[in-house]
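Need coordinates for the below:
(one chain, ligands or ions: 1)
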Amino acid sequence: MGNIVIRPFRREDRAEVRRISCQTAFLEVDLHKFFSDEEILADALTLSFTDHEPESCFVAVSDNKVIGYIIGSKNVANINRISGSKIIIPLLIKAFRRGIFWNKINLKLFFNVIRSAFKGEFVMPDFSKDFPATLHINIDKAYRGQRIGERLIETYLNFLKEQKISAVHLGTFSEGAKTFFLKQGFNILFKSKRTYLKPYIDQEINFYILGKKL
Ligand SMILES: CC(C)(COP(=O)(O)OP(=O)(O)OC[C@H]1O[C@@H](n2cnc3c(N)ncnc32)[C@H](O)[C@@H]1OP(=O)(O)O)[C@@H](O)C(=O)NCCC(=O)NCCS
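Numbering: from 1, shown residues only. Below is the predicted model:
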């Protein structure tokens, strides 16, 4: 394996970032048990960052291949506004055209998510004022445990400090990722149950929001 380099995201990294984003979209379970369309899922997970705030994104590269990324925003309130005005409607139209609403697997997921929403599982405090920045990090499965995550976090936090950003927060379902972030000096700000994953993964799934002051 060649030297692993952390560098700013470039437009040509987009396809690999999207590929890796789908690997762990539903923890480590095969994506196609939950959702049929990788294109739509990758749009939902990455578009607002890679296409609207690429300067806040970084990749880990080995032998010219992207093997991990951190995509983020200095201001989550702003990225949420962009999602609302520029992403959600075109994405719904694209999803409709690609037939995702007629697929049994997707309908089961939508039903479970709506049921969770009615139980109030998506109600949570707004951390965008006290922890304005956000991030998503993902390392290709074959390259985990080599301190690439740690190097990406360090690069991103230094970038945020240079931009005079006061704090950052993120959400995760993964107990492993929670441990990783605690080791990077993050604290748990919020924890709740997410039952919509239970039909697929037969265990209690917690959703954590972790934050760090810079
Ligand atoms: C979480 C993730 C980013 C960690 O990256 P990584 O390169 O594998 O982690 P590192 O090698 O930098 O590990 C740094 C430290 O965190 C610990 N750690 C990393 N992943 C861990 C896990 N799954 N469980 C427990 N500890 C973990 C390491 O043991 C190491 O601890 P140490 O300092 O005591 O030696 C990576 O596993 C990943 O991409 N997971 C899937 C996506 C995800 O869950 N993203 C988070 C939500 S945005």
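
So which helix or strand of this structure has the lowest pLDDT on average?
Ranking every helix and strand in the chain by mean pLDDT, DSSP states H and E puts strand 25-28 at the bottom, with a mean of 77.

Now that strand - C-alpha only, CSV.
Only the C-alpha atoms of strand 25-28 are listed here, as CSV (Å, rounded to 0.1, in the frame of the first residue of the first chain):
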residue,chain,number,x,y,z
ALA,A,25,-25.3,4.3,5.0
PHE,A,26,-27.1,1.7,7.2
LEU,A,27,-24.4,0.8,9.5
GLU,A,28,-22.6,-2.3,8.2
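
Can you identify the element that follows it toward the C-terminus?
Tracing the chain past strand 25-28, the next element assigned as helix or strand by DSSP states H and E is helix 38-50.

Quick one: list the elements packing against that next one.
On a contact count with 3 or more Cβ pairs under 8 Å, 6 or more residues apart in numbering; DSSP states H and E, helix 38-50 meets helix 14-23, strand 65-73, helix 76-82, helix 88-97, strand 133-139. C-beta: built from backbone N, CA, C; applies to glycine.

show me the contacts for the most centrally placed residue in the chain.
The chain has residue 136 as the residue nearest its centroid, 3.9 Å off, counting by Cα atoms, centre = their mean. The neighbours of residue 136, taking Cβ atoms under 8 Å, 6 or more residues apart in numbering as the test, are 21, 45-46, 49, 70-72, 170.

List just the one of the helices and strands packed on helix 38-50 that sits closest to residue 123.
Nearest to residue 123 among these is helix 76-82; the distance by Cβ to Cβ comes to 16.1 Å.

Who are the contact partners of residue 8?
55, 57-59.

Show me which of the contacts of residue 136 is closest to residue 141.
Nearest member of the contacts of residue 136 to residue 141, counting by Cβ to Cβ, is residue 21, at 12.6 Å.

residues near that closest one, how many?
Neighbour count for residue 21, taken as other Cβ atoms under 10 Å: 22.

Excluding chain neighbours, what is closest to it?
Nearest residue to residue 21, sequence neighbours excluded (Cβ to Cβ, 6 or more residues apart in numbering): residue 45, at 4.4 Å.

Then residue 14?
The shortest distance from residue 14 to any non-neighbouring residue, by Cβ to Cβ, 6+ apart, is to residue 50 (5.6 Å).

quick one: the one you found and residue 17, what's the gap?
6 Å (Cβ to Cβ, to the nearest Å).

per-residue pLDDT, the residue nearest to the centre of the chain?
Note for residue 136: predicted pLDDT of 97.

Quickly list what it is bridged to.
For residue 136, the beta-bridge partners under DSSP bridges are residue 71.

Nearest residue to residue 150 in space, please, no chain neighbours.
Residue 150 sits nearest to residue 184 (Cβ to Cβ, 6+ apart), 6.8 Å away.

For the one you found, give me its contacts.
150, 153, 212.

The first one belongs to a helix?
Yes. Residue 150 sits within a helix when classified using DSSP: H, G, I helix; E, B strand; the rest coil.
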